[in-house]
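# What shape does this take:
(4 chains)
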There are 2 protein chains.
Amino acid sequence: MTNTIKTKTKLKEINSQSCQEPCLIERGMRVLGGKWKASILWHLKDGPVRFNELSRMLGGASKKMVDQRLKELEVQGLVTREVISDRPIAVAYEITDFGRTALDILEKLKDWTQANNI
Amino acid sequence: MTNTIKTKTKLKEINSQSCQEPCLIERGMRVLGGKWKASILWHLKDGPVRFNELSRMLGGASKKMVDQRLKELEVQGLVTREVISDRPIAVAYEITDFGRTALDILEKLKDWTQANNI
DNA sequence: GCAACCAGTATACTTTTAGTAACCACCAAG
DNA sequence: CTTGGTGGTTACTAAAAGTATACTGGTTGC
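Residues are numbered from 1 along each chain as shown, chains lettered A, B, ... in the order given. Next up, the predicted model:
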């Protein structure tokens, strides 16, 4: 007998290969899971927002953080940056169609947080 | 006139108080968003798993990390730890009913990652 | 006895991230 | 001319996250 342990609970059959290196959950989290990233996306859902306004919305995130996250999100195609005025310089960030596809995950997350008082 | 900018795109009305300090999205992310946390939860969905087995499943997470995350998840009531045998020491981690409520968020995340080749 | 496995713990170390504060150039109002 | 707003950048520091290695103390198997 190789296993003499009397399990009180039925243990999952041992198959180590149920997930290869960075699994889907982990990979997804590395796109949406960074600090402020999901929040930024969420705050853009009702329309374009300006840089400084966004910083204020997040309340507590430094300009550097907002800037860094926005750049990441832009590279990943979740948001776009557009200059809306030159003279008094004004920039707006907008969520892309692809970015919108992530919103229902966030919606669920929001509901869950709310329902469980987290 | 206070605002002389000619906006090409309709800008969101300026109301800085659309989110107070750590908003729902951010708070939720701080529970599920840590590295490996969501993955661990996901890998427990089919039944209890042992410590070393779980480490192998995550492939790449150190024991310390797995240990740390499991403790956090336990404190937050998402998983339970139970000793299933004393003599050859054996411990199994199991997802709680509360933990299960988070699984459909992760399911959506998984589908999203898969659908977009992330 | 010796090696290997279980479930961790401890220590030391490196890397990454977060956050602060100051600064730029530009513009407008007072 | 000074103050305040826009949209950032740069330099620096502090804290968190992660890695690697070794160790305990018991058990099982050869």
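# burial measure for A:Gly77, as a count.
Using other C-beta atoms under 10 Å in any protein chain shown, A:Gly77 is surrounded by 12 other residues. C-beta coordinates here come from the backbone N, C-alpha and C atoms, glycine included.
# Please tell me I have it right and it contacts A:Arg100.
No. Judged on C-beta atoms under 8 Å, A:Gly77 makes no contact with A:Arg100 at a distance of 11.5 Å.
# From the centroid of chain A, which residue is nearest?
By C-alpha atoms, centre = their mean, chain A has its centre lying nearest to A:Leu32, at 2.3 Å.
# surely that residue meets A:Leu103?
No. The criterion here is C-beta under 8 Å, and A:Leu32 misses it with A:Leu103 at 10.5 Å.
# Need the overlap of contacts for the two.
A:Leu41 (C-beta atoms under 8 Å, 6 or more residues apart in numbering or on different chains).
# interface residues of chain A facing DNA strand C?
Residues of chain A lying close to DNA strand C (C-beta under 7 Å from any atom of the strand) are A:34-36, A:60-65, A:68, A:87-89.
# Top of those residues by number of neighbours, please.
Result: A:Trp36 is most packed of those (other C-beta under 10 Å), 22 neighbours.
# Quick check: phi and psi at A:Pro88.
phi -90, psi 100 (degrees, to the nearest 10).
# pLDDT-wise, which helix or strand of chain A ranks last?
helix A:24-32 (a mean of 89; mean pLDDT, DSSP states H and E).
# and the following helix or strand past that helix, is it in reach of DNA strand D?
Along the chain past helix A:24-32, the next helix or strand (assigned with DSSP states H and E) turns out to be helix A:37-43. No. Shown here: helix A:37-43 not in contact with DNA strand D (C-beta under 7 Å from any atom of the strand), separated by at least 12.7 Å.
# who touches A:Cys23 in this structure?
Contacts of A:Cys23 by C-beta under 8 Å, 6+ apart are B:Ser39, B:Trp42, B:Leu58.
# How about A:Lys110?
Applying C-beta under 8 Å, 6+ apart, the residues near A:Lys110 are A:Trp42, B:Leu24, B:Ile25, B:Gly28.
# in stretch A:32-51, what's buried?
A:32-34, A:36-44, A:48-51 (16 or more other C-beta atoms under 10 Å in any protein chain shown).
# Lowest-confidence member of those residues, which is it?
Across those, the member with the lowest pLDDT is A:Gly34, scoring 84.
# so the residue lying closest to that one once chain neighbours are set aside is in which element?
Excluding the flanking residues, the one nearest A:Gly34 by C-beta to C-beta, 6 or more residues apart in numbering or on different chains is A:Arg69, at 6.5 Å. In the assignment (DSSP H and E), A:Arg69 maps to helix A:63-75.
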